[in-house]
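>>> Quick check, what structure comes out for this input:
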Amino acid sequence: MKNKILFAIITVSIILATFNSCISTSKDSVEIAVIEVKPIPTKEFDEILSYNFNEDIENWGVASDSGSQPDITLDKAESNALMFNISWGDKPDSDRWSDSVRVKADGVNLNANGANAIAFDLYIESGKTVEIPFEVVPILQYPPSWWVQGPSITFDYSNGNDLGNGLVKYSIVAEINELTGDEVINHLLINVIGNGTGYEGKVLLDNIALVTTK
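Coordinates of the predicted model:
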């Protein structure tokens, strides 16, 4: 069922946005858009599928090819959310994906039904010293075997919304131009990249949804 909701969407100022039309999950074969994230007024969109983790982690876990393999549990953000603990070094590697965390939902098996974007809330602990921006990359898989990698979104620690409960919130909507809206989505991933940030602590994800912004 589609539910109209209000979401704090981000505007993106594309510094580099050259995407290969045949997109894969390999960072070596895709040029990634580097995006500066800034808050803008709320925007209305249609929600096609949403994971809210009210009772359990559902069909989510850490992908087998994830650079880091933390345990995934439920913890409290504004409501129940996926949570993992991580310790990223403060010296960036040449391969920033080497210790990223790929959080993955298997067996989604849902028609995209017009969806052209992934929306989610990401939370990190407040009061931390963070050396460089974080990065998130949404990824989808649909038959026969296509993997579609969304834009690489970078955001500064200071740009988040401090909730006053020890967490800072970032609300993200990532549009994926390659989606036609007719695909049957099998797998949904969010790659959280913190290499070089020096961040140590909790990372939480909530309200992960396929949405249409058109």
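>>> for the protein, longest strand please?
The single longest strand within the chain, with elements called by DSSP state E, is strand 200-212.
>>> Spatially central residue for the chain, please.
In the chain, the residue lying closest to the centroid (Cα atoms, centre = their mean) is Ile190, at 4.2 Å.
>>> which residues does that residue bridge with?
In this entry, Ile190 is beta-bridged to Val103, Pro138, by DSSP bridges.
>>> ditto for Thr212
Asp46.
>>> cool, and Glu200?
Taking DSSP bridges as the rule, Glu200 bridges to Ser87.
>>> what do you get for the one 4 residues further on?
Here Leu204 sits in beta bridges with Met83, Tyr123, going by DSSP bridges.
>>> Touching, it and Glu78? I think so.
No - Leu204 sits out of contact with Glu78 when judged by Cβ atoms under 8 Å, with a separation of 9.5 Å. All C-beta atoms are positioned from the backbone trio N, CA, C, and that covers glycine.
>>> For the two, indicate the residue with more neighbours.
Leu204 (22 against 14; other Cβ atoms under 10 Å).
>>> residues contacting that one?
Asp75, Ala77, Ala81, Leu82, Met83, Leu122, Tyr123, Ile124, Leu167 (Cβ atoms under 8 Å, 6 or more residues apart in numbering).
>>> Kindly reformat those residues as JSON lines and extend each row with pLDDT.
As requested, the contacts of Leu204 are exported to JSON lines (pLDDT from 0 to 100):
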{"residue": "Asp75", "pLDDT": "95"}
{"residue": "Ala77", "pLDDT": "95"}
{"residue": "Ala81", "pLDDT": "96"}
{"residue": "Leu82", "pLDDT": "96"}
{"residue": "Met83", "pLDDT": "97"}
{"residue": "Leu122", "pLDDT": "96"}
{"residue": "Tyr123", "pLDDT": "96"}
{"residue": "Ile124", "pLDDT": "95"}
{"residue": "Leu167", "pLDDT": "96"}
